[in-house]
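Engineer: Provided below are the primary sequence and the corresponding predicted coordinates.
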Amino acid sequence: GVAFTASADQLTLLAAHRKGESDLVCRDGRWFLIATCDLPDVPVRAPDGFVGVDLGIANIATTATGTGDGVRHSGKTLNAVRHRHRELRRRLQAKQTKSARRLLKKRRRKEARFAADINHTIAKRIVTEAARTGRGIALEDLQGIRDRVRLRKPQRVTLHSWSFHQLGHFIAYKAARAGVA
């Protein structure tokens with residue numbers, strides 16, 4: 001067997017629910033063990049109302065409970081970081097050298113990790129809040145949003161480049177694991 005390390009939570013999860021095959025993957029010179037775990041379904045509690053999640057540009061997600069106590073998730077600082085990434089990408093794309101392409105590939109992965117981290121953080125906060133208040137989560141349907149919404153060019157770039165689908169997926173699976181409707 002191959003020795004590996006993980007967080008205490010992951011190790012207990014792996015010991016209790018490991019199922020099927022595992023993959024050993026080399027990514028950017030580091031090795032990762034990807035193991036499948038089959039978790040039992042958590043019974044979904046009957047919700048005491050719903051937390052509405054509205055997705056947008058100025059704030060990636062805004063929650064509303066109907067009582068006026070909404071929470072905004074990220075905004076200015078995140079968009080500033082995304083703007084800086086976009087500018088760096090634009091300059092590298094203009095160069096068209098082998099090293100620029102290599103750096104673009106590295107940057108693409110870095111940006112994907114950054115977006116996934118932000119999405120995980122937002123999803124965790126939303127699910128934790130819903131579980132704490134005993135509510136369910138109602139997520140805005142994003143089907144065809146790019147055709148429905150008319151925006152100026154800078155806002156179009158911001159809307160089209162954020163992975164709202166990934167955020168919705170993260171909220172869905174975290175809610176299922178927490179027994180939130």
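Structural biologist: Sure, I can see it.

Engineer: contacts, neighbours, all on C-alpha from now
Structural biologist: Fine.

Engineer: what's near enough to touch the closest residue to Ala46 other than its chain neighbours?
Structural biologist: Spatial nearest neighbour of Ala46, chain neighbours left out: Ala181 (7.2 Å); criterion: CA to CA, 6 or more residues apart in numbering. Ala181 makes contact with 44-47, 135-137, 175 under the criterion CA atoms under 8 Å, 6 or more residues apart in numbering.

Engineer: drop anything exposed from those residues.
Structural biologist: 47, 135-137, 175 (16 or more other CA atoms under 10 Å).

Engineer: just those residues now: which is nearest Leu55?
Structural biologist: Closest approach to Leu55 among these (CA to CA): Ile137, at 13.2 Å.

Engineer: from Ala178, how far out is the closest one?
Structural biologist: 12 Å (CA to CA, to the nearest Å).

Engineer: same thing with Val42?
Structural biologist: Here the criterion is CA to CA. By it, Val42 lies 7 Å from Ala178.

Engineer: then Ile126?
Structural biologist: Using CA to CA, Ile126 is found at 11 Å from Ala178.

Engineer: kindly report the same for Ala138.
Structural biologist: Noted for Ala138: a distance of 15 Å to Ala178, by CA to CA.

Engineer: all strands of this structure, in order?
Structural biologist: 18-27, 30-37, 50-55, 61-64, 71-73, 136-139 (DSSP state E).

Engineer: can you get me the centre-to-centre distance for the last one and its chain?
Structural biologist: Looking back up the chat, that one is strand 136-139. How far strand 136-139 lies from its chain's middle: 16 Å, per CA atoms, centre = their mean, to the nearest Å.

Engineer: many thanks, have a good one.
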